[in-house]
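J.: only the shape, not the letters, is given here:
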């Protein structure tokens, strides 16, 4: 591709993503949905102005690495460790149920291969902690009992999903399901996650000292992006997907992360906050490219809309995607209305689900019909979940108000 053509396509992507994201956000929906829709409009499904190519795929890859860095950076390990048994129950139920049901339906009911079925089940395990946090914060319930349980469970879900993603990445590279290789990958990842935080903390101390001594406004963004890319390369070296390196780097640099067994390298909260504020514009520049490219990779014109398989498969996935996330919540010894809210808050798949689907599509494992069905399910759960939750709180506000009065008493 000639340079001027690439620059024009990049311009179109950035402007369309920004405009669509803002428009959708103004309507009360997550901006990621607008970016996904922008990709569908720009891609072969409608206008055909943008086509997937190697340069855009590289930028999208950087975007997803930085996105996982931000997820790690915003992970609250204190909440994770303090969430307790209830969050663990919700997380395990909300992870295993969609994985098993999604796999079983895809493999046994719709006759897909083992690898395709694992990718479908894996995609359905995701929970978008960003959308969950934003929704609960909007209605001032993020510090409520159900809010704390949900946030702890969503963080655990992220960790489970990242580990599963590494295994599926190994399967996509080899093109076959090999459980021995999967066990090796998980062992390598365990070693990587033991080494990475210590290394990242030490390197961040060096960056902090340099920042205090050198008057260079671009020092932190340049060095932190370099650190993230180094960890992405290191993750690949360990046989894990590159985006796992971004997650590990973000987790280690989080203001709320500490190392166990007294090995903590003291965290400078002010410096950690400075990293967050200076990295956010860079993350927000690259991540929309990833979501737009997810939409661009769809070709709705090639979907057999009259096919019973497509509609039956999509409907089955929607039922599993919603119903399975209530599994862990319904196992809690909590009032029923609280369990319902927790289950609803675990439903949105958002960016994490799109990462799974994107990896499967890029590896050629998910064909167009299955990929499209997954994207529709992710979009549906992400777009409508915040509205369900707000409506439910409005309809049953008296129950939550009574609980608040009792807690104060």
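T.: Nice, I can see it. Note that the coordinates shown come from a computational prediction; the quantities given were computed from them, not determined experimentally. Numbering: from 1, shown residues only.
J.: distance of residue 34 relative to residue 18?
T.: Distance, residue 34 to residue 18, using C-beta to C-beta, to the nearest Å: 9 Å. Placement of C-beta: from N, CA and C, glycine included.
J.: do residue 365 as well
T.: 31 Å.
J.: these two - which one has more neighbours?
T.: The residue with more neighbours, out of residue 365 and residue 18, is residue 365; 20 against 17, by other C-beta atoms under 10 Å.
J.: now the phi/psi pair for the more buried one, please.
T.: Dihedral pair for residue 365: phi -90, psi -40, per degrees, to the nearest 10.
J.: what about the residue nearest to residue 55 when sequence neighbours are not counted, helix or strand, and which?
T.: In space, and not counting its chain neighbours, residue 55 is closest to residue 6: 5.6 Å by C-beta to C-beta, 6 or more residues apart in numbering. Per DSSP states H and E, residue 6 falls inside helix 3-26.
J.: for residue 233, same thing?
T.: Under the criterion of DSSP H and E, residue 233 resides in helix 219-237.
J.: helix/strand/coil for residue 304?
T.: Three-state assignment for residue 304 (DSSP: H, G, I helix; E, B strand; the rest coil): coil.
J.: what sits against the residue nearest to it when sequence neighbours are not counted?
T.: Closest residue to residue 304 apart from its sequence neighbours, by C-beta to C-beta, 6+ apart: residue 310 at 5.9 Å. Contact analysis of residue 310 by C-beta atoms under 8 Å, 6 or more residues apart in numbering lists 303, 304, 369, 372, 373.
J.: any idea which helix is longest in the chain?
T.: Longest helix in the chain, counting residues (DSSP state H): helix 179-213.
J.: next, the angle from that one to helix 219-237.
T.: Between helix 179-213 and helix 219-237, the angle comes out at 160 degrees (axes from the mean of the first three to the mean of the last three C-alpha atoms, to 10 degrees).
J.: give me the helices and strands touching helix 179-213, please.
T.: With contacts defined as 3 or more C-beta pairs under 8 Å, 6 or more residues apart in numbering; DSSP states H and E, helix 179-213 has these neighbours: helix 145-174, helix 219-237, helix 242-253, helix 269-296.
J.: Throw the ones you listed into CSV and include distance to residue 43, mean neighbour count and mean pLDDT, thanks.
T.: Listed next are the helices and strands packed on helix 179-213 as CSV, based on distance: least, C-beta to C-beta, whole Å; neighbours: other C-beta atoms under 10 Å; pLDDT from 0 to 100:
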stretch, distance to residue 43, mean neighbour count, mean pLDDT
helix 145-174, 22, 22, 77
helix 219-237, 26, 19, 82
helix 242-253, 22, 27, 74
helix 269-296, 4, 20, 80
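J.: okay, those helices in CSV with distance to residue 125 next?
T.: Formatted as CSV, these follow (distance: least, C-beta to C-beta, whole Å):
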stretch, distance to residue 125
helix 145-174, 5
helix 219-237, 20
helix 242-253, 16
helix 269-296, 18
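J.: what about the ones you listed, which gets the closest to residue 44?
T.: helix 269-296 (7.6 Å; C-beta to C-beta).
J.: would you mind identifying the next helix or strand past that closest one?
T.: From helix 269-296, the next helix or strand downstream (DSSP H and E) is helix 308-323.
J.: ok, the closest residue in space to residue 86 that isn't next to it in sequence to residue 87 distance?
T.: Spatially, and ignoring its direct neighbours in sequence, residue 86 is nearest to residue 149 (4.9 Å; C-beta to C-beta, 6+ apart). Separation of residue 149 from residue 87 (C-beta to C-beta): 5 Å.
J.: tell me which element residue 116 falls in.
T.: Residue 116 belongs to helix 114-124, assigned by DSSP H and E.
J.: other SSEs contacting that helix?
T.: Contacts defined by 3+ C-beta pairs under 8 Å, 6+ apart place helix 114-124 against helix 84-104, helix 145-174, helix 308-323, helix 350-362, helix 368-395.
J.: now do the buried residues in that helix.
T.: Of the residues in helix 114-124, 115, 116, 117, 118, 119, 120, 121, 122, 123, 124 count as buried by neighbour count, 16 or more other C-beta atoms under 10 Å.
J.: okay, those residues in a markdown table with pLDDT next?
T.: Converted to a markdown table, the buried residues of helix 114-124 look like this (pLDDT from 0 to 100):
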| residue | pLDDT |
| --- | --- |
| 115 | 87 |
| 116 | 89 |
| 117 | 91 |
| 118 | 89 |
| 119 | 88 |
| 120 | 90 |
| 121 | 91 |
| 122 | 88 |
| 123 | 88 |
| 124 | 90 |
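J.: show me the shaky parts of the stretch 1-150 of the chain.
T.: 1, 30, 74-83, 129-131, 133-134, 137-138, 142-143 (pLDDT under 70).
J.: tell me, what residue is most central in this structure?
T.: residue 352 (2.2 Å; C-alpha atoms, centre = their mean).
J.: returning to that earlier point: distance between the helix holding residue 6 and the chain's centre?
T.: Centroid displacement of helix 3-26 relative to its chain, using C-alpha atoms, centre = their mean, to the nearest Å, is 21 Å.
J.: tell me what that helix is packed against?
T.: Packed next to helix 3-26, using 3+ C-beta pairs under 8 Å, 6+ apart, are helix 31-42, helix 54-73, helix 269-296.
J.: do that again at 6 Å, thanks
T.: helix 31-42, helix 269-296 (3 or more C-beta pairs under 6 Å, 6 or more residues apart in numbering; DSSP states H and E).
J.: export those to JSON lines and append columns for distance to residue 317.
T.: Shown next, in JSON lines, are the helices and strands packed on helix 3-26 (distance: least, C-beta to C-beta, whole Å):
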{"stretch": "helix 31-42", "distance to residue 317": "17"}
{"stretch": "helix 269-296", "distance to residue 317": "17"}
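J.: between these, which one is closest to residue 384.
T.: Among these, the nearest to residue 384 by C-beta to C-beta is helix 31-42 (10.1 Å).
J.: tell me what the closest one is packed against?
T.: Going by 3+ C-beta pairs under 6 Å, 6+ apart, helix 31-42 lies up against helix 3-26, helix 269-296.
J.: if we use 10 Å, what do you get?
T.: helix 3-26, helix 129-138, helix 269-296, helix 350-362, helix 368-395 (3 or more C-beta pairs under 10 Å, 6 or more residues apart in numbering; DSSP states H and E).
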